[in-house]
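Visitor: Need coordinates for the following:
(2 chains)
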Amino acid sequence: MIANNDDVMIQFDSVTRTFGDTRAVDQVSFHVRTGEVFGFIGPNGAGKTTSMRILSTLDVPTSGEAWIDGFSVVDDPDLVRQRLGWMPDGFGTYPNVNCAEYLDFFARSYGLRGKDRRRALVNVMGFTQLDQLANKPVTSLSKGMKQRLCLGRALIHNPKVLILDEPAAGLDPRARIELREMIGALAEEGKALLVSSHILTELAEMCDRVGIIEHGRLLAVGTVEEILNQQRHGDSDEPEKIKIELVVLSDIQFAKQWLESNDGVVVDRVAQKTLQVVMSGDTEAQADLLTKMIGAGIRVLSYSGKQKSLEDVFLTVTRGKVQ
Amino acid sequence: MSKNSPDIESLSLGALNPDFDAATSKIISEKSHWLPQLNERVSEWCSSILVMETRQALKSRQFIWTYFVLLFSVGVWTLLALTIGDNGYQVGRELLFGYWVILGFPLGLIIPFSAYRSLAREFEDGTNQLISITTMKPHQIIFGKFGSAFLQMLTYLSVLAPCICFTYLLRGISLSQISIGLMVCIGGSICLTILGLFLAGVFRSRAMGVGTSVLFVLLLGWLYYIWCVFCESEISGQGSYITFDDQDVLLGMFGIFAFFGSSAGLLLVTATSQISFPSNNRATPIRIAMFVQQTLFFAFVIGLVSTVFDADMLWIMMIFVSHYWLVMGFLMIGESLTISRRVQRTLPRSFFSRSAFSLLMPGAGRGFLFAVANVWACAIAIGLIGWFVGSRGLQGYLLGQVIAPFGGSRVFGWEECCGLLTCCLYVTWFLSVIYLVMRSFFGKSRGEWSTGIGPTISLVLGALLISVLSICSIVVHQILYQRDNRLSDLSSPLLLNWYWVVAEVFKGTSFQQIFNEHGVVAVALLLQAVVVIGFAFAFASRELLVAPIPVPERVKIDSLKLPASNVPEGESINEIFGELKKNES
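Guide: Below is the predicted model of the structure:
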């Protein structure tokens, strides 16, 4: 069976994977389109790696179907492998091999021969900026360089789909920024990317959409905004809470008392001249509060509403959903 | 994008980089000489694993040390044998068998263990996953590892080749001796290497791996010790001085090579199947290997009976075949009950192909039927061989002139046919019982088991069934009849002991006699056997009814695009040499 939508590169359809009594992945469905970066978020043991292993033809689902570029990962693994690059969270090395030989080995293993192989090597080493380290033994590389090499290995056959399992784990800030740029560039080229990470700020910056998974169940899928909207609709009885951070030049205690005298406003934190406030309402209510403060003689230096981050979304979505 | 950000244009494989040639030569290797260039080109035809492992070996201390120790040992032995050894007729033998001892060390110990560790380390480090998601097929991975080991064999052999050739110039050494020695060394090394790859593929967990490593090293050490003892006896002149010219010896050699060769082939395809994707057809190559092994075995049997005919020999052959198909049958019964859609696409479609090849396809029921069909086919073949040779008038000559002096006195008759029938019935019954047990108790759960668990459970259950019945029948017989250890008669409890019954029938106890003496028990056993076998056949036959499914069009089209050959365009051998000549000029 082949999925029909040409634009969909990764399709996960009601996939379940059990290990004995444990349901590592439970009825998970999502899709990733061409040129899209899809973030897979979840705590340890949530089922991210199992899902990625199924897509990478390293495991088979107990039930459900998964496709890469329209080919079933169970029925046509050889066709899927041509289109797939996988970067695992662990990095296996070979002794007595340098970077160029390591990539050359995988290029040969993907069936690249002659000039095609040499060209692929040069391009990938240029892309991952490993060309200066071509003759360096793989075992002597730093963590960041190993991650680059691992990405290079996944890219060596120019796949349409990339599955990256914790690509930023253990990287220093500079290496993370560079990795993020690489991922962005690959998405621009039209590749579909599925990226998992614990570092939510990383994913928020690089992903077009995210899927939040916990205990094998996919709890929410969409852009951060879409998931927030879903949550709002889900909790429609409660008014929306907004965080505001403000810096005042007036007496901080007076400002605190004045703020708390308003209905629906709670002062969350006070530090020197800074106040963090949580209030019910929308952006109109925020503006009204600022007008009233100035009217009450409180000198406000800065006043900013904090957007809900991916972390907030993750905590909101996972809170109490799965026991 | 920052200045240092990646240049995505360069990632496209189709995009030509203007500095391509310069960058390539910098990254891949400095190819100023024709030999590295030729190596590079030749490697295009080779397995990627072979290429990488060769590169690794050339940089590894283990290979370099072994190579130089080998060179040193050969030099020392040559000097010793020529200076202080016997300078007469023995010197050639001393030198040659000394070389075999030296060669046996890398070929019998280092290479098989290196091959084992090479594959085992892939599982330990997780690199097997990186390889398995490439477009390499599982057999290419295993053959790549094997090819790398074979290349090492040739490298080590190249050290000794001039010395071995030199011994031919000395007295007492024939070409056949050198050939047989080489065949034993290389053949043995190949078999042990394949065994190492098989063990690494089967015992993949770290805990099992440690135990397997130790046992494998002990086995290799023990075999090398035997090899050394054999060579030492030859050097000291106590050997058998086998001439290898006799027809019997040649037949024996064929038997040995057929056995080890086919067993190595079977282990190789089994190792391949161990690392195959679960939805792949892992069973058919193994079944074909079993069939080839059986065919070679029969070729040996025919050769043997045409040389020396004895009914007892055929009876031993039948017992061997029965055990073979019992073990293989139990293993096949442990396979999954269902077959994947991927395999369903390849099921035979025409009436002829379904009739001929259905039993070669995967599935517990097909495996059960395959084992049963083979054991019956073997029995018929053995019966035909016995009848054919017996009716040619050979038996009179053989009985009088050849067999009788060596204790053989039997011709193939009705008792032997009954013995074959009894043997087949027992084997079919054992296989049927285990098939039904596995189907009833482990039917659904088998799909979730990892590779090898089902066959192992099935094999253990089968071995338990046969052992328990055989031992219990003897114990019950002794309790009931209060006899001493000399059990000569066939009592009712002993009907559960298949070895006993088959031996009695071969010795001349007729079916009529058995039914007369053990009426109710014998009839009851036969009836339950008919019921059990009937049920097993009914369930197993249902698997044959699974219809093939069509291959989706897009899969067909894309499969055609897969690289048909590893030889790149514009890289033919003539073009390579032409280009090299041009470069040199």
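
Visitor: which residues touch A:Ala120?
Guide: The neighbourhood of A:Ala120, defined by Cβ atoms under 8 Å, 6 or more residues apart in numbering or on different chains, consists of A:107, A:112, A:156-158, B:13. The way it works is simple: take the backbone N, C-alpha and C, and place the C-beta from them, glycine included.

Visitor: Show me what counts as buried in the host helix or strand of B:Ala538.
Guide: According to DSSP states H and E, B:Ala538 maps onto helix B:519-544. Neighbour-count burial for helix B:519-544, counted by 16 or more other Cβ atoms under 10 Å in any protein chain shown, picks out B:521-522, B:525-526, B:529, B:532-533, B:536-537, B:539-540, B:543.

Visitor: one step back: ok, the contacts of A:Ala120 vs B:Leu347, which is closest?
Guide: For B:Leu347, the nearest member of the contacts of A:Ala120 is A:His157. The distance, counting by Cβ to Cβ, is 31.6 Å.

Visitor: Find the nearest non-adjacent residue to the closest one, please.
Guide: Spatial nearest neighbour of A:His157, chain neighbours left out: A:Tyr110 (3.9 Å); criterion: Cβ to Cβ, 6 or more residues apart in numbering or on different chains.

Visitor: so what's the one you found up against?
Guide: A:Tyr110 sits in contact with A:82, A:156-157, B:134-135, where contact means Cβ under 8 Å, 6+ apart.

Visitor: got it, and A:Val267?
Guide: For A:Val267, the contacting residues are A:256, A:259-260, A:275-277, taking Cβ under 8 Å, 6+ apart as the criterion.

Visitor: next one: A:Ile183
Guide: A:37, A:164, A:167, A:193, A:195, A:206.

Visitor: Could you export those as a markdown table, including distance to chain B?
Guide: Below are these laid out as a markdown table (distance: Cβ to the nearest Cβ, whole Å):
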| residue | distance to chain B |
| --- | --- |
| A:Val37 | 14 |
| A:Leu164 | 14 |
| A:Pro167 | 14 |
| A:Leu193 | 13 |
| A:Val195 | 16 |
| A:Met206 | 14 |
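
Visitor: Give me the buried positions along the helix or strand containing B:Phe63.
Guide: B:Phe63 is part of helix B:61-84 when elements are defined by DSSP H and E. Within helix B:61-84, the residues that qualify as buried by neighbour count (16+ other Cβ under 10 Å) are B:63, B:66-67, B:70, B:73-74, B:77-78, B:81.

Visitor: gap between it and the chain center?
Guide: 33 Å (Cα atoms, centre = their mean, to the nearest Å).

Visitor: ok, and what's touching it?
Guide: Contacts with helix B:61-84, where a contact means Cβ under 8 Å, 6+ apart, come from B:57, B:91, B:94-95, B:98-99, B:102, B:105-106, B:110, B:114, B:152, B:155-156, B:159-160, B:163.

Visitor: I'd like to know which of those are buried.
Guide: The neighbour count (16+ other Cβ under 10 Å) marks B:57, B:91, B:94-95, B:98-99, B:102, B:105-106, B:110, B:114, B:152, B:155-156, B:159-160, B:163 as buried among the contacts of helix B:61-84.

Visitor: doesn't B:Asn281 make contact with B:Arg341?
Guide: No. Between B:Arg341 and B:Asn281 there is no contact under Cβ atoms under 8 Å: 11.6 Å.

Visitor: Can you show me the helices along chain A?
Guide: Taking DSSP state H as the criterion, chain A contains helices spanning A:48-55, A:77-82, A:99-109, A:114-127, A:143-155, A:173-188, A:200-206, A:224-234, A:252-260, A:283-295, A:310-318.

Visitor: Turn those helices into a markdown table, including distance to A:Gly216 and mean pLDDT.
Guide: Supplementary listing: the helices of chain A in a markdown table, determined by distance: least, Cβ to Cβ, whole Å; pLDDT from 0 to 100:
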| stretch | distance to A:Gly216 | mean pLDDT |
| --- | --- | --- |
| helix A:48-55 | 8 | 92 |
| helix A:77-82 | 23 | 90 |
| helix A:99-109 | 32 | 90 |
| helix A:114-127 | 35 | 85 |
| helix A:143-155 | 25 | 88 |
| helix A:173-188 | 26 | 85 |
| helix A:200-206 | 20 | 78 |
| helix A:224-234 | 19 | 70 |
| helix A:252-260 | 43 | 87 |
| helix A:283-295 | 38 | 85 |
| helix A:310-318 | 13 | 72 |
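
Visitor: Of those, give the one that comes closest to B:Ser559.
Guide: Smallest distance to B:Ser559 across the helices of chain A (Cβ to Cβ): 6.9 Å, for helix A:77-82.

Visitor: where does chain B have low pLDDT?
Guide: Applying pLDDT under 70 to chain B picks out residues B:1-33, B:85-89, B:235-247, B:307-312, B:388-413, B:444-451, B:482-489, B:561-585.

Visitor: Would you mind listing the residues in contact with the closest residue to B:Val372 other than its chain neighbours?
Guide: Ranked by Cβ to Cβ, 6+ apart and with sequence neighbours excluded, the top spatial neighbour of B:Val372 is B:Thr428, at 5.3 Å. Applying Cβ under 8 Å, 6+ apart, we find B:Thr428 in contact with B:372, B:375-376, B:533.

Visitor: By neighbour count, which of those residues wins?
Guide: Ranked by the number of neighbours (other Cβ atoms under 10 Å in any protein chain shown), those place B:Val375 first, at 26 neighbours.

Visitor: which residues sit in contact with the closest residue to B:Ser458 other than its chain neighbours?
Guide: With Cβ to Cβ, 6+ apart as the criterion, B:Ser458 has its nearest non-adjacent residue at 3.3 Å, and that residue is B:Gly334. If a contact means Cβ under 8 Å, 6+ apart, then B:Gly334 has B:364, B:438, B:446, B:453-459 as its contacts.

Visitor: Show me which of the buried residues of helix B:519-544 is closest to chain A.
Guide: Comparing those against chain A with Cβ to the nearest Cβ places B:Glu543 closest, at 19.7 Å.

Visitor: just checking, that closest one touches B:Phe370?
Guide: No. Between B:Glu543 and B:Phe370 there is no contact under Cβ under 8 Å: 11.2 Å.

Visitor: So what are the structural domains in the chain, by residue number?
Guide: Assuming you mean chain A. Using automatic domain parsing, the domains assigned to chain A come out as A:8-230, A:238-307.

Visitor: Correction: the question concerned chain B.
Guide: Domain segmentation of chain B under automatic domain parsing yields B:46-244, B:277-563.

Visitor: how about JSON lines for the ones you listed, with distance to A:Arg117 added?
Guide: Rendered in JSON lines, the data for the domains of chain B read as follows (distance: least, Cβ to Cβ, whole Å):
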{"stretch": "domain B:46-244", "distance to A:Arg117": "10"}
{"stretch": "domain B:277-563", "distance to A:Arg117": "12"}
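
Visitor: State the number of residues packed around the spatially closest residue to A:Lys160 that is not a sequence neighbour.
Guide: The shortest distance from A:Lys160 to any non-neighbouring residue, by Cβ to Cβ, 6+ apart, is to A:Arg83 (4.7 Å). For A:Arg83, the count of nearby residues is 19 (other Cβ under 10 Å).

Visitor: Backbone dihedrals for A:Arg83, both of them.
Guide: Recorded main-chain torsions at A:Arg83 are phi -100, psi 0, according to degrees, to the nearest 10.

Visitor: Repeat that for the one 5 residues further on.
Guide: The main-chain torsion angles of A:Pro88 are listed as degrees, to the nearest 10 and equal phi -80, psi 170.

Visitor: do the same with A:Lys191
Guide: The phi/psi pair for A:Lys191 (degrees, to the nearest 10) reads phi -80, psi 150.

Visitor: thought it was touching A:Leu162?
Guide: Yes. With contact taken as Cβ under 8 Å, A:Lys191 and A:Leu162 are classed as touching, separated by 5.6 Å.

Visitor: ok now stretch A:81-90, how far from the chain's centre?
Guide: With Cα atoms, centre = their mean as the basis, stretch A:81-90 stands 16 Å off its chain's centre.

Visitor: how long is that stretch from one end to the other?
Guide: End-to-end span of stretch A:81-90 (Cα to Cα, to the nearest Å): 19 Å.

Visitor: Likewise for stretch A:118-134?
Guide: Between the start and the finish of stretch A:118-134 there is a gap of 13 Å, counting by Cα to Cα.
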